[in-house]
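Participant: just a sequence and a predicted model for now, questions to come.
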Amino acid sequence: VAALQVEANRLREDLAFFESLLPARAGAKGVVIRSFRVQAEGGPNEYRYRLLVQQAGKPEQDFSGTVQLQVNYTQAGRNQAMSLPDAQAAADSAPKLAFRHYQRVEGSFTLPAGAIARSVLVKIMSGGQTQVQQTFAL
């Protein structure tokens, strides 16, 4: 039974992935965020994320850019934010994007002890400019 449940969960994830590959809304151009998921991982305050980015329409050239996340959380009753990659970290530590049609990005982050995640702002950057951004409630 446990093996069947694991297989069913894997198949649900695969189905969600392929459904997200359906054409973007009519008239959409440029890069779009097709899906974003965050789930708790093994340890306390550890999270894993999955992002699917797509070029809408019929792309004629590859997209090249990076992903930046801003995790908004509360800790001790105060609203806080954490940027990924860290502002002091090197720019080359940001997840890289290089694709023609779509790209899947996965990663993880750890919040400080006692923090409660509220939302994540996902930014797709290219040439130093934000191409698209979207906030996801947790």
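Facilitator: Yes, it's here. Residues are numbered from 1 along each chain as shown.
Participant: now do residue 127 against residue 53, distance only.
Facilitator: According to C-beta to C-beta, to the nearest Å, residue 127 and residue 53 sit 16 Å apart. Placement of C-beta: from N, CA and C, glycine included.
Participant: those two: who's more crowded?
Facilitator: residue 53 (23 against 7; other C-beta atoms under 10 Å).
Participant: what's the strand ranked longest in the chain packed up against?
Facilitator: Using DSSP state E, we find that the single longest strand of the chain is strand 63-75. Strand 63-75 is packed against strand 46-55, strand 78-84, strand 96-99, strand 102-110, strand 116-126, with contacts defined by 3 or more C-beta pairs under 8 Å, 6 or more residues apart in numbering; DSSP states H and E.
Participant: if we go to 7 Å?
Facilitator: strand 78-84, strand 96-99, strand 116-126 (3 or more C-beta pairs under 7 Å, 6 or more residues apart in numbering; DSSP states H and E).
Participant: for those strands, which one sits closest to residue 37?
Facilitator: strand 116-126 (10.0 Å; C-beta to C-beta).
Participant: just checking: what are the partner strands of the closest one?
Facilitator: Within its sheet, strand 116-126 is paired with strand 63-75 (antiparallel), strand 129-137 (antiparallel), according to DSSP bridges.
Participant: deepest-packed of the ones you listed, please.
Facilitator: strand 63-75 (a mean of 18; mean count of other C-beta atoms under 10 Å).
Participant: spatially central residue for the protein, please.
Facilitator: Nearest to the geometric centre of the chain sits residue 51, at 3.4 Å (C-alpha atoms, centre = their mean).
Participant: how far away is that residue from residue 13?
Facilitator: Counting by C-beta to C-beta, the separation of residue 51 from residue 13 is 14 Å.
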